[in-house]
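**Student:** Quick one, structure for this:
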Amino acid sequence: MIDLHVHSTHSDGTFRPSELVDYAIKKGLKAFALTDHDTTDGLKEATEYAARLRNSDPELAVPEIIPGIELSTDLSGTEVHIVGLFINPEKEIFREYLKEFVHSRELRNQKMCQKLADLGIDITYEALLERFPDCILTRAHFASYMREHGYVSSNKEAFERYLGNRKPAYVPREKITPKQAVELVLSAEGLPILAHPILYHMSDARLDALTADLKAAGLVGIEAIYSTYAPAEERQIRKLAAAHDLLISGGSDFHGTNKPGLDMGTGYGKLFIPDEVLDDLRHAHEFRANGANK
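**Tutor:** Residues are numbered from 1 along each chain as shown. Purely as a prediction, here's the structure:
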């Protein structure tokens, strides 16, 4: 069993990268991809911890850690996510983009804090950083902070009243296009995957056009196995992948307690991603790497 879409505390998950490794061992996973939102900061902790476990106990079934990322993009007002698998986070173009992105997000978060303060909520950017150290702060962190301090009863209420799109404290942020995200993953020697396309609620025609455009830009796969998909939706995305000669990917989108009831590897209980999915993606990555080295 594998899981190619997992988040840690370095974005909006609640498990540290090392805790994800321990949990994956407990769950019996052979491999998982750490795909934090717009950051690769958790990869070193996860991979080094996994290596230490292997060295200390060769009999322990330690999962393979696939280096990944999930990039947030904008397509005419629709947020579209591109997952990168087997990335090399040290590639210069990729590192420079992430540095610029972090700066842009910091400015946005400071503006959101000011808007919330103007609405009578006692929150500062410094307080958020202290409460959530070593994280790429997202609106989910704002929501958790507001819930913990009694301003809302749930994270959902925080989004519905303050943080959601077009709500009083919402501040849009700069985003790249899906095509640019595909190119960015390729610049990091990774495999670009269109994440959870059902969640974008596009018409069949629009989704097909997006997939065709991204395929032309270098898209390699599409997330056809996902925690919230109904069987008919999985069949739809598999058919879309076949029509555009794309590989299949799959993941739980595990966030720990930030997504109650959704578990690593098994989603809401029925998710299963066969090893062959990873095998096919790995072969594609190795083929590209060998071609680049010739």
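**Student:** okay, now the domains of the chain?
**Tutor:** 2-91+177-292, 97-163 (automatic domain parsing).
**Student:** mind checking how far the longest one is from the chain centre?
**Tutor:** Spelled out, it's domain 2-91+177-292. Put simply, domain 2-91+177-292 sits 7 Å off its chain's centre (C-alpha atoms, centre = their mean, to the nearest Å).
**Student:** same deal with the last one?
**Tutor:** Shown here is domain 97-163, whose average C-alpha point lies 19 Å from the average C-alpha point of the whole chain (C-alpha atoms, centre = their mean).
**Student:** circling back: for residue 171, find the nearest of the domains of the chain.
**Tutor:** domain 97-163 (4.6 Å; C-beta to C-beta). Placement of C-beta: from N, CA and C, glycine included.
**Student:** Quick one: end-to-end distance for that closest one.
**Tutor:** Domain 97-163 has an end-to-end distance of 26 Å (criterion: C-alpha to C-alpha, to the nearest Å).
**Student:** So, low pLDDT: which residues of the protein?
**Tutor:** Within the chain, the ranges that satisfy pLDDT under 70 run 292-294.
**Student:** deepest of the domains of the chain, which one?
**Tutor:** The highest mean neighbour count among those, using mean count of other C-beta atoms under 10 Å, belongs to domain 2-91+177-292: a mean of 19.
**Student:** how near is the nearest residue to residue 149 once chain neighbours are set aside to residue 205?
**Tutor:** Closest residue to residue 149 apart from its sequence neighbours, by C-beta to C-beta, 6 or more residues apart in numbering: residue 122 at 7.2 Å. Separation of residue 122 from residue 205 (C-beta to C-beta, to the nearest Å): 48 Å.
**Student:** Determine the next helix or strand in the C-terminal direction from the longest helix seen in the chain.
**Tutor:** Looking across the chain with DSSP state H, the single longest helix is helix 92-118. Of the helices and strands lying after helix 92-118 in sequence (DSSP states H and E), the nearest is helix 125-131.
**Student:** Mind listing residues that contact that next one?
**Tutor:** 106, 109-110, 113, 137, 141-142, 145, 148 (C-beta atoms under 8 Å, 6 or more residues apart in numbering).
**Student:** Could you identify the most distant pair in the residues you listed?
**Tutor:** 106 and 148 (21.7 Å).
**Student:** which element is residue 73 on?
**Tutor:** strand 64-75.
**Student:** Just list what that strand packs against, helices and strands only.
**Tutor:** The elements that strand 64-75 packs onto, with contact taken as 3 or more C-beta pairs under 8 Å, 6 or more residues apart in numbering; DSSP states H and E, are strand 2-6, strand 31-34, helix 43-56, strand 78-85, helix 178-187.
**Student:** tell me the angle of it relative to strand 2-6?
**Tutor:** Strand 64-75 and strand 2-6 are oriented at 40 degrees to each other (axes from the mean of the first three to the mean of the last three C-alpha atoms, to 10 degrees).
**Student:** Just the CA trace of strand 64-75, in PDB.
**Tutor:** Output in PDB follows, covering the C-alpha atoms of strand 64-75 (Å, rounded to 0.1, in the frame of the first residue of the first chain):
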ATOM      1  CA  GLU A  64      10.200   4.900   1.000                       C
ATOM      2  CA  ILE A  65       9.900   8.700   1.100                       C
ATOM      3  CA  ILE A  66       9.000  10.200  -2.300                       C
ATOM      4  CA  PRO A  67      10.100  13.900  -2.400                       C
ATOM      5  CA  GLY A  68       7.200  16.000  -3.500                       C
ATOM      6  CA  ILE A  69       5.300  19.300  -3.300                       C
ATOM      7  CA  GLU A  70       1.800  20.600  -4.000                       C
ATOM      8  CA  LEU A  71       1.700  23.900  -5.900                       C
ATOM      9  CA  SER A  72      -1.300  26.200  -5.700                       C
ATOM     10  CA  THR A  73      -2.200  27.800  -9.000                       C
ATOM     11  CA  ASP A  74      -5.000  30.000 -10.400                       C
ATOM     12  CA  LEU A  75      -7.000  29.300 -13.600                       C
END
